[in-house]
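Asker: Let me see the structure of the following:
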Amino acid sequence: MTPFKTLSEEEIQRINQLQRNSFDNLYHLFEPPLPEGVPERLEKIVAHGNIAKGDTVLDVGTGTGILIPIIKKYKPGRIHACDLSRRMLEQ
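Answerer: Model (predicted):
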């Protein structure tokens with residue numbers, strides 16, 4: 001028995017739309033300047049990815065792309081970023 005409830009495609013789309021709408025309305029909260037301690041935590045998160053030069057990186061839920069400059073320090077070959085929120089991506 002799987003620990004997760006199986007959702008219909010319709011329910012998945014409904015949830016995606018709710019999340020998209022929420023983040024489209026809140027994107028401004030993710031803009032710099034970031035609260036104290038957040039930049040250091042983001043550096044640690046990216047460091048735990050063990051990104052090597054030339055790697056391809058997928059940033060799922062990239063939001064406004066706040067991790068992209070940190071990821072670039074590791075000189076990946078490519079970075080793919082995706083998010084449900086169009087407004088987040090536009091930033």
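
Asker: What segments of the chain are strands?
Answerer: In the chain, the strands defined using DSSP state E lie at 56-60, 78-82.

Asker: the inter-axis angle of the last one versus strand 56-60?
Answerer: This means strand 78-82. With axes from the mean of the first three to the mean of the last three C-alpha atoms, to 10 degrees defining the directions, strand 78-82 sits at 10 degrees from strand 56-60.

Asker: In strand 78-82, which residues are buried?
Answerer: Residues 79, 81 are the ones in strand 78-82 that count as buried (16 or more other C-beta atoms under 10 Å). No exception for glycine: its C-beta is placed from N, CA and C like everyone else's.

Asker: So which elements touch that strand?
Answerer: With contacts defined as 3 or more C-beta pairs under 8 Å, 6 or more residues apart in numbering; DSSP states H and E, strand 78-82 has these neighbours: strand 56-60, helix 68-72.

Asker: Can you pull out the residues in contact with it?
Answerer: 56-62, 65, 68, 71-72, 89 (C-beta atoms under 8 Å, 6 or more residues apart in numbering).

Asker: can you name the two of those residues that are farthest apart?
Answerer: Across these, the longest distance by C-beta to C-beta is 19.0 Å; it joins 56 and 89.

Asker: more neighbours, those two?
Answerer: residue 89 (16 against 10; other C-beta atoms under 10 Å).

Asker: Please tell me I have it right and the more buried one contacts residue 61.
Answerer: No - assessed by C-beta atoms under 8 Å, residue 89 is found out of contact with residue 61, at 11.0 Å.

Asker: Mutual contacts of these two, please.
Answerer: Shared contacts of residue 89 and residue 61 (C-beta under 8 Å, 6+ apart): residue 83.
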